[in-house]
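Student: Everything below, folded, please.
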Amino acid sequence: MNNLQFYFKKIIFLISIVFFFILISCSGQEKKQKTDSKTQILAENSDTVNKTLEIITGAEQLDKYINLLIGKKVGLVVNQTSLVGNKHLLDVLLENNINIVKIFALEHGFRGNADRGKHISNSKDEKTGTPIVAIFGKNRKPPVEQISDLDIVVFDVQDVGVRFFTYISSMHNVMEACAENNKDFLVLDRPNPLGDYVAGPVRKAKYKSFVGMHPIPIVHGLTVGELAGMINGELWLKGEIKCNLKVIKVENYKHSDKWSLPVKPSPNLPTDISIRLYPALCLFEATSVSIGRGTKFPFQVIGYPDSTFGNFTFTPKDIEGMQTNPLHEGKLCYGEDLRKTLLDTKFTLKYFINYYNQFEDKSKFVTRENWFNLLIGNSEVLKQIKSGMSEIEIEKTWETELKEYNEMRVKYLLYDK
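Tutor: Below is the predicted model:
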């Protein structure tokens, strides 16, 4: 019996030791699982936090600029893109008892439905009765009598980041008028849908125009707030004067962010793809080739009334609120459909060079050579294309000026890459 008891106790002891180690192992595994679970939850929360950091435009940050307007006589440079949520900035400011004296209307008008280049008349906003002063056409810069009754001008317009988009030319002119008449100028900044890169030749001084006010590349990589700072800092206003500038920055924005516009910035830029293709396809405006004006997909197709130019077809026609009297109206155009182009597409000369090469009679392609030179910003590119230079060879001739521009650009950036 004693031996049996001895062996029995020994077995119990061994079982206890094994059970003890099993418990430790299970406890450790459970602890690891809890730790892993906690790590996962933190990671998920981190993702959630990142997703909730939504881009907030300058106009949406009313608390940061309302005090600058209280008790002031205010002018607005606004259009259909000047939204605060689903309300127009004009309505928001009037609801907050801000004294809006007048609106300055850019190309395409206050409602953004006027054809390119169409005369914009002075009028009144039907909803609020606020006077509207056109600053496109003959009156591109507000004269003394149009700005003397103001204390401050607010600029809140969605730009597309391209040198020849005239909203930034109008901004320049209003800044100049403010500087000359000692008026404050406030920019409510918005993201640049092409702000992720810089491309194209820098405009030469000889080709300064309303579609090329500044010595910057075709795709300049700046928000309007950053560009306003550059205009001031580089002394580009007449007489090298500066305006009293303040910019309300966009929150949670960096230049690499993709920005899909909630409202089309002009009648013929209806989609994200049209905006990405705009810098390249706008060069065709100086040619006999259509880029889809008079269709529901402008700046997303290329075509010409000749079946040798491609299998895709479209017929331009009048479209109210978008385009009247389009190029090749009523004619069947043959070419290519670019609507499935990737959203990371960048400025390129390939389309232009390709169509130039397809024309046997080159004089029938570029029909307005001076207009092309104003758009591209020099007289060299067209000569280079005519000489047979490739896109890569042409781009190499821009490298030095682009490098110098990028070095200057850094000084005025308000947002990270």
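Student: Could you list the domains of the protein?
Tutor: Structural domains assigned to the chain are 58-259, 272-386, following automatic domain parsing.
Student: How far does the first one sit from its chain's centre?
Tutor: Relative to the chain's own centre, domain 58-259 is displaced by 14 Å; criterion: CA atoms, centre = their mean, to the nearest Å.
Student: Output stretch 186-204 in PDB with nothing but the alpha carbons.
Tutor: The C-alpha trace of stretch 186-204 is given here as PDB (Å, rounded to 0.1, in the frame of the first residue of the first chain):
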ATOM      1  CA  LEU A 186      -9.100  87.900 -49.500                       C
ATOM      2  CA  VAL A 187      -8.700  84.500 -51.200                       C
ATOM      3  CA  LEU A 188     -10.800  81.600 -49.900                       C
ATOM      4  CA  ASP A 189      -8.600  78.800 -51.300                       C
ATOM      5  CA  ARG A 190      -9.700  75.700 -53.000                       C
ATOM      6  CA  PRO A 191      -7.800  72.500 -54.100                       C
ATOM      7  CA  ASN A 192      -6.200  72.300 -57.500                       C
ATOM      8  CA  PRO A 193      -7.400  69.200 -59.400                       C
ATOM      9  CA  LEU A 194      -4.100  69.300 -61.400                       C
ATOM     10  CA  GLY A 195      -2.000  70.300 -58.400                       C
ATOM     11  CA  ASP A 196      -0.100  67.000 -58.300                       C
ATOM     12  CA  TYR A 197       2.300  68.000 -61.000                       C
ATOM     13  CA  VAL A 198       4.000  70.800 -63.100                       C
ATOM     14  CA  ALA A 199       4.400  70.600 -66.800                       C
ATOM     15  CA  GLY A 200       4.800  72.400 -70.100                       C
ATOM     16  CA  PRO A 201       6.900  75.400 -71.200                       C
ATOM     17  CA  VAL A 202       7.000  78.600 -69.100                       C
ATOM     18  CA  ARG A 203       5.400  81.500 -70.900                       C
ATOM     19  CA  LYS A 204       7.800  83.900 -72.600                       C
END
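Student: What about E404, how many residues nearby?
Tutor: E404 has 11 neighbours, counted by other CB atoms under 10 Å. To be clear about C-beta, it is placed using only N, CA and C from the backbone, and glycine gets the same treatment.
Student: In three-state terms, label it for me.
Tutor: Assigned with DSSP: H, G, I helix; E, B strand; the rest coil, E404 falls in the helix class.
Student: residues contacting it?
Tutor: V202 (CB atoms under 8 Å, 6 or more residues apart in numbering).
Student: Once you drop chain neighbours, what's closest to L235?
Tutor: K242 (7.3 Å; CB to CB, 6 or more residues apart in numbering).
Student: same deal with E54?
Tutor: N252 (6.4 Å).
Student: that older thread, could you pull up phi and psi at the residue nearest to L235?
Tutor: Backbone torsions of K242, given as degrees, to the nearest 10, read phi -120, psi 150.
Student: And it, how far from I98?
Tutor: Going from K242 to I98 by CB to CB, to the nearest Å gives 26 Å.
Student: With distance to K403 and mean neighbour count added, can I get the domains of the chain in a markdown table?
Tutor: Below are those laid out as a markdown table (distance: least, CB to CB, whole Å; neighbours: other CB atoms under 10 Å):
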| stretch | distance to K403 | mean neighbour count |
| --- | --- | --- |
| domain 58-259 | 10 | 19 |
| domain 272-386 | 17 | 18 |
